[in-house]
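**Q** the amino acid sequence is not available; the structure is as follows:
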């Protein structure tokens, strides 16, 4: 009889240890799934530092009042170059355009300043202002929300505007494009 009780006790201990082992395995698997999910989420979201949240009705990226004067020297609108290297800025009026979108209406409101290579270029830009605005509006309205909401997207947009405008002018060149206001809704 003592042997039967010992056998039963050993079977119960084996059942308890196997159920404890099973519980430990389940916990370890759940922790691994959570860690892997977190790593994947960070990798997917980490590439777009400034991605706009599409669930909010308005994603305001950067808003600075546009300067009222025609020529401004050494304004702080570029984070990549020292302020003393920034030349003459030529502010443009605010642009409000519809973005290209399949899922409802989105619009972009932006104010742009152009960095000029010299002061004599501003007279040429004054005479061609309507054409410059038209080209910029065409470029802005051809973009989707995804194309303009990231830092890389804004840089590509800036480069495209600069290349298009430089092809139109003769008295100098535009050295930089600065967004002083950028609102997506």
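**A** On my side now, so go ahead. Not measured: the values here are computed from a predicted model.
**Q** find the least confident helix or strand in this structure, judged by mean pLDDT.
**A** Every helix and strand of the chain was ranked by mean pLDDT, DSSP states H and E. The lowest is strand 72-73, at a mean of 36.
**Q** where exactly do the helices run in the chain?
**A** 2-46, 121-127, 129-141, 145-148, 151-166 (DSSP state H).
**Q** quick one: pLDDT of the spatially most central residue of the chain?
**A** Geometric centre of the chain, nearest residue: residue 150, 1.8 Å, by C-alpha atoms, centre = their mean. Here the pLDDT value assigned to residue 150 is 88.
**Q** nearest residue to residue 172 in space, please, no chain neighbours.
**A** residue 121 (3.7 Å; C-beta to C-beta, 6 or more residues apart in numbering). Heads up, the C-betas are built off the backbone N, CA and C, glycines and all.
**Q** the one you found and residue 142, how far apart?
**A** 26 Å (C-beta to C-beta, to the nearest Å).
**Q** which one of the helices of the chain has the lowest average pLDDT?
**A** Looking at those, the bottom one is helix 2-46 with a mean of 81.
**Q** centre of the chain to that one, how far?
**A** Between the centre of helix 2-46 and the centre of its chain there are 42 Å (C-alpha atoms, centre = their mean, to the nearest Å).
**Q** cool, and stretch 82-100?
**A** The answer for stretch 82-100 is 17 Å, by C-alpha atoms, centre = their mean.
**Q** what's the span of that stretch from first residue to last?
**A** 35 Å (C-alpha to C-alpha, to the nearest Å).
**Q** tell me the mean pLDDT over it?
**A** Here the average pLDDT along stretch 82-100 is 85.
**Q** okay, buried residues for that stretch please.
**A** For stretch 82-100, burial by neighbour count (16 or more other C-beta atoms under 10 Å) applies to 86-92, 95, 97, 99.
**Q** what count of nearby residues applies to residue 9?
**A** 10 (other C-beta atoms under 10 Å).
**Q** list the residues that contact it.
**A** With C-beta atoms under 8 Å, 6 or more residues apart in numbering as the criterion, no residue contacts residue 9.
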